[in-house]
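Visitor: could you work out the structure for the sequence below:
(chains A and B)
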Amino acid sequence: MIASVDYHESTWNTVPHRFEAGTPDIAGAIGLAAAMDYLEALGRDRIFAHDQALAAYAYERLGELKGIRLFGPRVGRAGLVSFLLADVHAHDLVTVADQFGVALRGGHHCNQPLMKKLGVSSTARASFYFYNTRAEVDRFLDVMREVQRFFGVA
Amino acid sequence: MSDELNELYQQVILDHSKSPRNFRRIDPADRTARGHNPLCGDQLTLFLQTEGDVIRDIAFQGDGCAISRASASLLTEALKGRRQSEVRALFDRVHRLVTTGGGATEDLGKLAVFAGVHRFPARVKCALLAWHAALAAVEGQTQPVSTETPAD
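Guide: Coordinates of the predicted model:
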């Protein structure tokens, strides 16, 4: 933001206003406040507990699969699970899962140094939030079995 | 099972990804090129043995998904015995096939199995990685090729 504009010179406003260009993101700020109210009403502790319970359940259920490799500790994890299925590349896994309506992330997660340490080129990752349910984790497991059938590794 | 999925992972592709052909080094090779897909971590090295313009032998090594392995495997079959000067034209046709599903495929042979890729935009780069490397190899490019250009 400027204080004044002339033909050959401008005077910048004082800090911090000089670093704010144009109209502030008013709609964005109102939207963010609404989102925060929404999450506070749900209860951040409850959301955290729900995510953790789903991740723990998914971790446990994934253990049933033949050739599964689970990354990270069983307990004390965030609301997500990274894994690999033997003889199925993570990208093939997520493409097939997507066709069954399950959205996963596949790849190096912008973290090649960790991939190198783990000795893999990529992993598949399921992540959970407050709108996910245990039934969806069960569905996710069914789809992982479909993936294994599809690639003939079941 | 969706038809699109079966079209993407045709039996030929599954077969070549499980048992890639010409999956070895050629040492010494007349030409080599490295291809890298930084978004997914796929990488491969192509080795060519040439005699004049003719590609006498071609092989690859590397790590990648089923689509990229099968593509590299089928590429080695397609290019063995071909002229290096033909690679650019073939690259263009494969590029068109995997990005649009279009173009004549009668004389593409087994490469036609990649027609299903165009319905999966995220997988186009997997199918093209080996082709980028082949182009770099015959055009004498020494830097590793990336599916991502700096301008991306």
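Visitor: so who does the spatially most central residue of chain B touch?
Guide: Residue closest to the average C-alpha location in chain B (CA atoms, centre = their mean): residue B:130, at 3.2 Å. By CB atoms under 8 Å, 6 or more residues apart in numbering or on different chains, residue B:130 lies in contact with B:35, B:44, B:46, B:60, B:68, B:71-72, B:75. Heads up, the C-betas are built off the backbone N, CA and C, glycines and all.
Visitor: can you redo those as JSON lines with secondary structure?
Guide: Shown next, in JSON lines, are the contacts of residue B:130 (DSSP: H, G, I helix; E, B strand; the rest coil):
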{"residue": "B:35", "secondary structure": "strand"}
{"residue": "B:44", "secondary structure": "strand"}
{"residue": "B:46", "secondary structure": "strand"}
{"residue": "B:60", "secondary structure": "strand"}
{"residue": "B:68", "secondary structure": "helix"}
{"residue": "B:71", "secondary structure": "helix"}
{"residue": "B:72", "secondary structure": "helix"}
{"residue": "B:75", "secondary structure": "helix"}
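Visitor: just the buried residues of these.
Guide: B:35, B:44, B:46, B:60, B:68, B:71-72, B:75 (16 or more other CB atoms under 10 Å in any protein chain shown).
Visitor: and of those residues, the nearest to residue A:83?
Guide: residue B:68 (21.0 Å; CB to CB).
Visitor: wait, what's in contact with residue B:54?
Guide: Residues counted as contacts of residue B:54 (CB under 8 Å, 6+ apart) are B:81-84.
Visitor: that older thread, which non-adjacent residue is nearest the residue nearest to the centre of chain B?
Guide: In this structure, residue B:130 finds its nearest non-sequential neighbour in residue B:72, 3.7 Å apart by CB to CB, 6 or more residues apart in numbering or on different chains.
Visitor: ok, the one you found to residue B:97 distance?
Guide: With distances taken as CB to CB, to the nearest Å, residue B:72 is found 16 Å from residue B:97.
Visitor: the residue nearest to the spatial centre of chain A and residue B:4: what is the separation?
Guide: Among the residues of chain A, residue A:127 comes closest to the average C-alpha position under CA atoms, centre = their mean, at 5.2 Å. Remark: distance between residue A:127 and residue B:4 (CB to CB) = 25 Å.
Visitor: from what I can see residue B:81 touches residue B:58, true?
Guide: No. Shown here, residue B:81 and residue B:58 do not form a contact pair, counting by CB atoms under 8 Å, at 9.2 Å.
Visitor: the chain: helices as residue ranges?
Guide: Answering for chain A, as no chain was given. Assigned helices in chain A, in chain order: A:26-42, A:44-62, A:90-99, A:112-118, A:134-150 (criterion: DSSP state H).
Visitor: not what I meant, chain B
Guide: B:3-8, B:11-18, B:66-79, B:87-100, B:124-138.
Visitor: please see if the fourth one touches chain A.
Guide: Spelled out, that is helix B:87-100. No. Helix B:87-100 lies apart from chain A when judged by CB under 8 Å from any CB of the partner chain; the minimum separation is 14.3 Å.
Visitor: who's in contact with that helix?
Guide: If you take CB under 8 Å, 6+ apart as the criterion, helix B:87-100 is touched by B:78-79, B:82, B:102-105, B:108, B:111-112, B:114-115, B:117-118, B:124, B:127-128, B:131, B:134-135, B:138-139.
Visitor: in it, what's buried?
Guide: B:87, B:90-91, B:94-95, B:97-98.
Visitor: tell me the one of those nearest residue A:122?
Guide: Using CB to CB, these come closest to residue A:122 at residue B:98, 20.9 Å.
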